[in-house]
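1. coords please:
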Amino acid sequence: MDAEQRNIRLIVAYDGTELNGYQSQQNGITVQDCLEAALSRVCNEPIFIYGASRTDAGVHARFQVVTFFTTGRIPVANLTRALIAHLPPYIVIRNAEEIPLDWKPRWQIVGKEYVYTIHNDEVADPLTMRYHWHVKKPLNHEAIVKGAQYLEGTHDFTTLQGANSTPANPVKTIYAVVPRFEGTTLRIHVIGDGFLYHMVRNIAGLLVDVGLGRILPEAIPDLLARRDRRCIGKTAPAQGLCLEEIFFDETRRSSVLKSLGR
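-> Prediction:
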């Protein structure tokens, strides 16, 4: 009798510094390659994973979601421990559970949260430099908060998409752009129903330009209306970005938005 197929969902966290992004490619180490190789060994059969989101080289994730089908009989409760020996130390399985066969990660998403971290001080912090963008000049907090408000809502975000983007619907709904300041650390929480390539990093770059006085907060609606990437400054570096959470139900999304004052 053929073995029964199972669908398993993993919650994955990783430090993206040594990784060439999530998706498998010819050159460099990727999350997909590492997970598929490790799972194939543990399940004793070829495994192909399906991800809920992609991250670029150098970008981190606290809550990436992948699923895979297997006929292997390893108990799902043992997967997290079993994979430790087959994964690099910067990729960790936070949770594993069996789910219905027809559950597909990208079909279930109702939103994502990204957090972009900035170290705003003349002196660098070498202990956290893998996880932030170091901005030396002082930032105007009030201007950044005001500018962030103009990015919330449903807009055509062509201006904020990365160069060489694959064709995608540029109209997205952003539920929250919330800058939070703590000492020399600025964390920009961004929650939306979807994002264009480099969009969150361009939001961070734009808000830094606002904080430095290069762009007025009130100019943001006009910049969005131009639908031209060339009218804003540089893309913020990858190491400051983290995929914080992927939402699969509106209750959880609403809870996080409430915690951010939205």
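2. show me where this protein has helices.
-> Ranges of helices within the chain are 31-43, 76-83, 105-108, 141-149, 199-211, 220-226, 250-259, based on DSSP state H.
3. let's have these in a markdown table, adding distance to residue 164 and mean neighbour count.
-> (C-beta placed from N, C-alpha, C; glycine too.) Below are those laid out as a markdown table (distance: least, CB to CB, whole Å; neighbours: other CB atoms under 10 Å):
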| stretch | distance to residue 164 | mean neighbour count |
| --- | --- | --- |
| helix 31-43 | 21 | 20 |
| helix 76-83 | 34 | 16 |
| helix 105-108 | 22 | 14 |
| helix 141-149 | 26 | 18 |
| helix 199-211 | 13 | 24 |
| helix 220-226 | 19 | 15 |
| helix 250-259 | 30 | 14 |
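4. and those, which one averages the lowest pLDDT?
-> In terms of mean pLDDT, the lowest-scoring of the helices of the chain is helix 105-108 (a mean of 85).
5. what does that one contact?
-> For helix 105-108, the external contacting residues (CB atoms under 8 Å, 6 or more residues apart in numbering) are 9, 50-52, 65-67, 246, 248.
6. give the PyMOL command for selecting the buried subset of these.
-> To isolate the buried ones among those in PyMOL, judged by 16 or more other CB atoms under 10 Å, type:
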select buried, resi 9+51+52+65+66+67+246+248
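7. can the contacts of helix 105-108 go into TSV with extra columns for pLDDT?
-> Shown next, in TSV, are these (pLDDT from 0 to 100):
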residue	pLDDT
9	97
50	95
51	94
52	94
65	97
66	97
67	97
246	97
248	95
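8. which one of the contacts of helix 105-108 is nearest residue 25?
-> Nearest to residue 25 among the contacts of helix 105-108 is residue 51, at 13.5 Å by CB to CB.
9. tell me the contacts of that closest one?
-> With CB under 8 Å, 6+ apart, residue 51 has these contacts: 22-23, 31-32, 64-66, 105.
10. relative to residue 182, which of those residues is nearest.
-> Once CB to CB is applied, the member of the contacts of residue 51 that ends up nearest residue 182 is residue 64, at 25.3 Å.
11. just to revisit the earlier point, do you know which of the helices of the chain lies nearest residue 57?
-> Using CB to CB, the nearest of the helices of the chain to residue 57 is helix 31-43, at 10.6 Å.
12. how far out from the middle of the chain is the closest one?
-> From the chain centre to the centre of helix 31-43 is a distance of 21 Å (CA atoms, centre = their mean, to the nearest Å).
13. same question, stretch 143-156
-> For stretch 143-156, the separation from the chain centroid amounts to 19 Å (computed by CA atoms, centre = their mean).
14. over to stretch 65-78?
-> With CA atoms, centre = their mean as the basis, the mean position of stretch 65-78 lies at 24 Å from the chain mean.
15. straight-line length of it, end to end?
-> Start-to-end span of stretch 65-78 (CA to CA, to the nearest Å) is 18 Å.
16. near residue 162, how many other residues are there?
-> Residues lying near residue 162 (other CB atoms under 10 Å) number 15.
17. and it, how close does it get to residue 156?
-> Taking CB to CB, to the nearest Å as the measure, residue 162 falls 15 Å from residue 156.
18. where do the strands sit along the stretch 51-200 of the chain?
-> Using DSSP state E, counting those that start in this stretch, the strands of the stretch 51-200 of the chain run over 60-70, 91-99, 111-120, 133-135, 153-156, 171-182, 185-192.
19. so what's residue 228 closest to, chain neighbours aside?
-> Using CB to CB, 6 or more residues apart in numbering and skipping the chain neighbours, the partner closest in space to residue 228 is residue 159 (6.0 Å).
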